[in-house]
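S.K.: sequence below, structure please.
(one chain, ligands or ions: 2)
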Amino acid sequence: MALIDGCIFCRIIRGEIPAFKLIDDEQVVAFMDINPANPGHALVIPKFHARDLYEMPDEWLAPVIAAARRVARAVTATLDPDGLNLLQANGPGAAQSVEHFHLHVLPRNLGDDLSL
Ligand code: 5GP
Ligand code: ZN
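M.R.: Ligands and ions are numbered 1, 2, ... in the order given. From the prediction side, this is the model:
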């Protein structure tokens, strides 16, 4: 399925909800997280509604990860964190709160609480 009504990230893709976008190309949108765990915390999503990793078609994985690496490089060049996590949650037990596949690009600094 391409995009669906009632999905907050599909609505960001369609421009119905504002977001600070870093990338908006044919396949991917990257934007700043509204509730950042650290400065520079961004999200990267496919312009395809898949609930989680298991629903992601293989051909959508590469563009999303490539975009995440572009964002990671830009954030690192700008903020110079001590490290950076790519995170991705599947299901309520993993604290997935938005059911549209997304990668967190999350800059980290020494001393951070890494329990997230
Ligand atoms: P999850 O918990 O599903 O892995 O991550 C969802 C992320 O989406 C959270 O970090 C949350 O702050 C972010 N988020 C939820 N709604 C919005 C929104 O409307 N705009 C933006 N920019 N981020 C959102
Ligand atoms: Zn969606």
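
S.K.: what sits against residue 23?
M.R.: Contact analysis of residue 23 by Cβ atoms under 8 Å, 6 or more residues apart in numbering lists 29-30, 44, 67, 70-71. For the C-beta atoms, the positions are set from N, CA and C on the backbone; glycine is no exception.

S.K.: can you tell me which of the residues you listed end up in strands?
M.R.: 29-30, 44 (DSSP state E).

S.K.: top of those residues by number of neighbours, please.
M.R.: When neighbours are counted by other Cβ atoms under 10 Å, residue 44 leads the ones in strands among the contacts of residue 23 with 27 neighbours.

S.K.: next, work out how far apart it and residue 62 are.
M.R.: Computed as Cβ to Cβ, to the nearest Å, the residue 44 to residue 62 distance reads 12 Å.

S.K.: next one: residue 30
M.R.: Note on residue 30: its distance to residue 62, by Cβ to Cβ, is 15 Å.

S.K.: again, but for residue 68
M.R.: To residue 62, residue 68 is 11 Å away according to Cβ to Cβ.

S.K.: between those two, which is the more surrounded one?
M.R.: For the pair residue 68 and residue 62, the greater number of neighbours falls to residue 68 (23 against 10), based on other Cβ under 10 Å.

S.K.: quick check: closest non-adjacent residue to the residue nearest in space to the middle of the chain.
M.R.: Computing the C-alpha centroid of the chain and ranking residues by Cα atoms, centre = their mean puts residue 43 first, at 2.3 Å. Among residues not flanking residue 43 along the chain, residue 102 sits closest, at 4.8 Å (Cβ to Cβ, 6 or more residues apart in numbering).

S.K.: contacts for the longest helix along the chain, please.
M.R.: With secondary structure taken from DSSP state H, the chain has its longest helix at helix 58-79. Helix 58-79 has contacts (Cβ under 8 Å, 6+ apart) with 22-23, 25, 27-28, 30, 39-40, 42, 44-46, 48, 50, 56, 81, 84, 86, 101, 103, 105, 107.

S.K.: okay, and which of these map to strands?
M.R.: Using DSSP E, the members of the contacts of helix 58-79 that fall in strands are 22-23, 28, 30, 42, 44-46, 84, 86, 103, 105, 107.
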